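Trainee: Predicted structure and sequence below. I'll ask about it afterward.
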Amino acid sequence: MSVSDLRITAPGSDTVLSVRDLKVWYGTPRGAVRAVDGVSFDLRRGETLGLVGESGCGKSTLGRGVLGLLPTAAKTAGSVVFEGQELVGASIRDLRRLRGPSLGLIFQEPMTRLNPLLRISEHFDETLRTHETSLSKAQRRRRSLDALGSVGIPPTRFDNYPHEFSGGMRQRIMIALVLVLNPAMVVADEPTTALDVLVEAQILRILADIKSSYDTAILLITHNLGIVAEACDRVAVMYAGKIVEQGDAAEVFQGPQHPYTAELLRSTISLSTTELHSIPGAPPDLVDPPPGCRFHPRCPSAMKVCAERVPLTVGSELGHDVACWLRVPDHLIGVGGTVPLERQEIARADEA
Amino acid sequence: MPRSWEGTTSNSATPPVPAERTGPLRTLRRSLAPVREARGLPKWTLYVGIAIVVVFVVMAVFAPWISPYHFDQYQSSSGARFPKTGHPSGAHPLGTNILDFDVLSHIIYGSRTALEVIVLAVVFSLVIGVPLGLYSGYFGGWLDRILVLVMDAMFAFPSLLLAILVAVYLGGKFTWLGPGFGGVMSAALSITVIYVPQYFRVIRNSVISVREEPFVEAAQVLGAKPRTVIGRYVFGNVVQNVPVIATLNAADALLTLAGLGFLGYGVQPTQAAEWGYDLQRALGEVSGGVWWTSVYPGLAIVLLVTGLTLVGESLNDLVNPTLRRRRLLPVTIADTAEEEGGHVGV
Amino acid sequence: MPTKPELLDVRDLKVHFPLRGGVFDRLAGRDAGSVKAVDGVSFTLNAGEVLGVVGESGSGKTTLGRAIVGMAPVTGGTMRFEGDDLVSLRGNERRAARRRLQMVFQDPHASLNPSMDMLTAIGHPLRIHGVTKDEAEIKHRVSETLERVGLSPVERFLYKFPADLSGGQKQRAVIARAIILGPALLVADEPVSMLDMSVRAKILQLMIDLRDDLDLAYVYITHDLASAKFFCDRIAIMYLGRIVEIGPPSQIYDDPRHPYTRALLEAIPDPGVRREVPRDLPRGEVPDAAAPPLGCSFHPRCPHAFAPCGWESRDLRTLLDDRWAGQAEEVFERERGLLGDLTVLDRPATRATIPAGRGHNGDDVNELLERVRASDPAEPFWRGVERIDVRSSEAEVGFRTGVDPELVRSGEAEVACHLYDEYAPLAAD
């Protein structure tokens, strides 16, 4: 057993994206907002990684940070290596060249991303003409129809305008518009939040299909743990700008190792829930986050060490990482550190 | 750090508002918050604009004390007649004009006329345009359609021509207000006619969007009468547009007033000093090398218009959320040495 | 449970919004039709009872809630609330009824006036209804109510503006404003759907506590069957303006009858259960309410639909589209060429005439249809086809005329589905 500053995993050949100690901070009059504060993960080809957390935990910032879509005032540090190319510090032109053919993005609200004045066919033609200049008109048409077919849009609707489609169909079209360029990785930011449950299930099925048929890596950002369980191979749970637990989705949900994951699972209302549960308190202000473990003020099993030192990340062979003192062997914590943390009653005022 | 972290929320960083600070004062403080938080260019243009306007306001208010002579004075107290188009000199720092009046005094008294007309015109347009806009936007229906039609027709009409027509119609109708104020009143009203449609349109359009907000619906569900809903829920959320249009219109109103005066339909020269009229009278002398009778009134107009426009545009930048970009400050990522973290393999 | 007094009785409620047709329609005096947002909904609600209204967007659930609080124009039916018919009340009487009938909205961020502090906003209903104008009395009542919804210490919240509160706190304030007048019924339209997972349970718990302590009744409108499970005494499932199933949670969750209810239950993502996305997911989306499907509105999406469910021309168009989606381009071009203009199918009719394409005849059309049938004989569509008439230049598909299902009792619930009424024997074929 060894303690190292940072785990150095040689990214395997099938690793599409490798994020190491990524930080994204925003400056505000009150001080720096540490939206993403030291995040590391890998994404492999054909793999879906679910990024979950409550609103304001930094998951969308992380998704955008990976794509280089942050406002210029945001400061980024650390490393994001996409197919061997470092994206942190890359020029806007390089990033733009990658976006589309290599890096796709699926947004929450599909209507705002489609030009209401252009037919669906024109959207596809435009995209392919920009990024794949060698294709003939017939080839472009074939590629487009193939992509649309894989998401269940019939060729009879190829020349329709966006407003002639329903919300779910538009999201399918958006997905096809991303897939037509065959990107190595797709970031999907809450792709089903605006949709109804049944349509959401249809879209999740499509995402599962494209993962297998296109061998695309998907970073799925969502606040819904249920979606992760259904659509993702692995999951990363974010809290207050940090990933607190990541691993195989089924394994994490069956046996959550971090108290936050466990609490989040308990407070999710699903059909199998038997009693209502909620996490006391509210997420912290990221300008001035709590010292030590950021979850310790709300944690039911916080110890003395949790309020003082940033937790070590404990990893297993299977790639299940947990950043929690409860999982760290006692001899690394120090004497007296495991004493339960004495805490005042959390004021009801701070109940969200 | 001995501080307790229990129950820290994202809003605890803003100190709780002390309970005693209530009432309209606090509401004012709140609505001025964007101005107080202003930074950079909008802040400076706002301050420069305010400074210019304040200079003119001071001149207007204290005219009798500041001005060397009264505006219709053409001879000194000893009875000596002022020179006609006299060069700037010790007795007349900005010279005298073709009617023997002191140019400086006319500038100073002219600011009084200008501000009186502007204030009256803005107040009248507000009093007429805002309630009509509120009513029209909130209730909609046929009255709304008619009002929109009428206002659009007025808007489409050449504004100066409209003002002239009204000025001609109102000419001499306000003599009962006294010789000085009557002219100001009719000039203000002819300008009002031009600006009512603007207030109406802006207020009506923002009412239409606010009307759809859930909190307006919530008030209706609570059982509030339309008057209450408009007064307490709608008005407060559209009124922030008013200072912006008011200051921008004020600048425009000054130009219209000067235009009316220039064409001879404004405040009559016997009633008050007015820059536009002075300019018109000065035109004939320009070719003769008499520059001071035209440059100084012209400069006054330009300065006051610039001041008001600067205030209006910067307010617009500060108050209008679509123009106000979320400002992000530069940030350096601190080397978080005190954070250990790290990884343990099991 | 002893039966509590009846609070709200809704009978055959209809909210139809007239459609504005094109210029020519209006000039010709033609009726452009209407959107039947709520189309004949009936239920009763007792004091302290919670009715869950569940459905997708476009189901009319929100319009139903708005109609109950008087915010949507009722075009038919009655709503008796504490003895008064809300539909016929006007003006001040209607406003007075609102004291006992309040609403909680979906978006807590937008349902509070940004320029009012909590004291003013929550105390405003007292002024509106002339309960009291005394500042001290209002402050006292507001403090009491804030305490009641868990916003304490009260002094910290009285003078806060909505912008200073978190989402959950805002929703508590909205609830406080709704209960300060002592209502008997709260219409809650998706009160937790915009809140974070960790907060939803808190707000739901607050609503449950208020029901228990104040004997409040709720109409709880949601798209989420999971949250309704904890809260509701009865659940109504809505689809395109109608209730398709209504009953106690025990039956809705454990033994759902309507295929739509079953689909909704299956589609809820559940982190506790690792499973594949259900394979018999209803296809398509909620259709346009301005032109609802014939017969049962759900039949185009229903995996169990059969002959009497209302098959029609538009279903044929969908069937062809689905076949061509993802088909190789040559196959599509070849098959599409056999047929003429397909937009004739977009007008709802029980007889669908498909013209043959240029250079083809009715036999070619029929042959293609038979090929489609052979590729998936289990497709419910074919159960509604009575005959195919082949003519020289076209083929006509005749469908069995559909019947609109009525609510019938099935177990403890009522369900509007032909699988449970007199047509049920036909389903076995």
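Mentor: Here it is on my side, so go on. Residues are numbered from 1 along each chain as shown, chains lettered A, B, ... in the order given.

Trainee: Name the helix or strand of chain C that has the lowest mean pLDDT.
Mentor: Using mean pLDDT, DSSP states H and E, the weakest-scoring helix or strand in chain C turns out to be helix C:23-27, at a mean of 64.

Trainee: Mind checking what helix or strand follows that helix in sequence?
Mentor: On the C-terminal side of helix C:23-27, the nearest following helix or strand under DSSP states H and E is strand C:34-46.

Trainee: Now look at that next one and say if it contacts chain A.
Mentor: No: figure legend: strand C:34-46 not in contact with chain A (CB under 8 Å from any CB of the partner chain); closest approach 15.7 Å. Bear in mind the C-beta positions are built from the backbone N, C-alpha and C, glycine included.

Trainee: Partner strands of that strand, with direction?
Mentor: Strand C:34-46 sits in its sheet next to strand C:6-18 (antiparallel), going by DSSP bridges.

Trainee: And the contacts of the partner strand?
Mentor: C:32-47, C:49, C:60, C:63-64, C:67-68, C:72-82, C:184-185, C:217, C:219 (CB atoms under 8 Å, 6 or more residues apart in numbering or on different chains).

Trainee: Give me the buried subset of the residues you listed.
Mentor: The neighbour count (16 or more other CB atoms under 10 Å in any protein chain shown) marks C:34-43, C:45-47, C:49, C:60, C:63-64, C:67-68, C:72, C:74-75, C:77, C:79-81, C:184-185, C:217, C:219 as buried among the contacts of strand C:6-18.

Trainee: where exactly do the strands run in the stretch 301-429 of chain C?
Mentor: In the stretch 301-429 of chain C, the strands defined using DSSP state E, counting those that start in this stretch lie at C:351-355, C:385-390, C:394-399, C:408-410, C:413-415.

Trainee: And the residue of the stretch 1-150 of chain C closest to chain B?
Mentor: Closest approach between the stretch 1-150 of chain C and chain B, counting by CB to the nearest CB: residue C:98, at 3.7 Å.

Trainee: Quick check: the gap between that residue and chain A.
Mentor: Going from residue C:98 to chain A by CB to the nearest CB, to the nearest Å gives 29 Å.

Trainee: For the residue lying closest to that residue once chain neighbours are set aside, which residues are in contact?
Mentor: Sequence neighbours aside, residue B:223 is the residue nearest to residue C:98 in space, at 3.7 Å (criterion: CB to CB, 6 or more residues apart in numbering or on different chains). Neighbour list for residue B:223: C:95, C:96, C:98, C:99, C:125, C:128, C:129 [criterion: CB under 8 Å, 6+ apart].

Trainee: Check residue A:65 too.
Mentor: A:22, A:24, A:36, A:74, A:76, A:80.

Trainee: Could you check which helix or strand contains the last one?
Mentor: Mapping residue A:80 onto the secondary structure by DSSP H and E places it in strand A:75-82.

Trainee: and that strand, what other elements does it pack with?
Mentor: With contacts defined as 3 or more CB pairs under 8 Å, 6 or more residues apart in numbering or on different chains; DSSP states H and E, strand A:75-82 has these neighbours: strand A:15-28, helix A:59-67.

Trainee: Would you mind listing where the stretch 201-350 of chain A has pLDDT under the threshold?
Mentor: Scanning the stretch 201-350 of chain A for pLDDT under 70 picks out A:343-350.

Trainee: Was I right to think residue B:129 contacts residue B:204?
Mentor: No: if you go by CB atoms under 8 Å, residue B:129 and residue B:204 don't touch, sitting 9.2 Å apart.

Trainee: Just give me the closest of the contacts of residue A:65 to residue C:143.
Mentor: Of all the contacts of residue A:65, residue A:36 has the smallest distance to residue C:143: 40.8 Å, by CB to CB.
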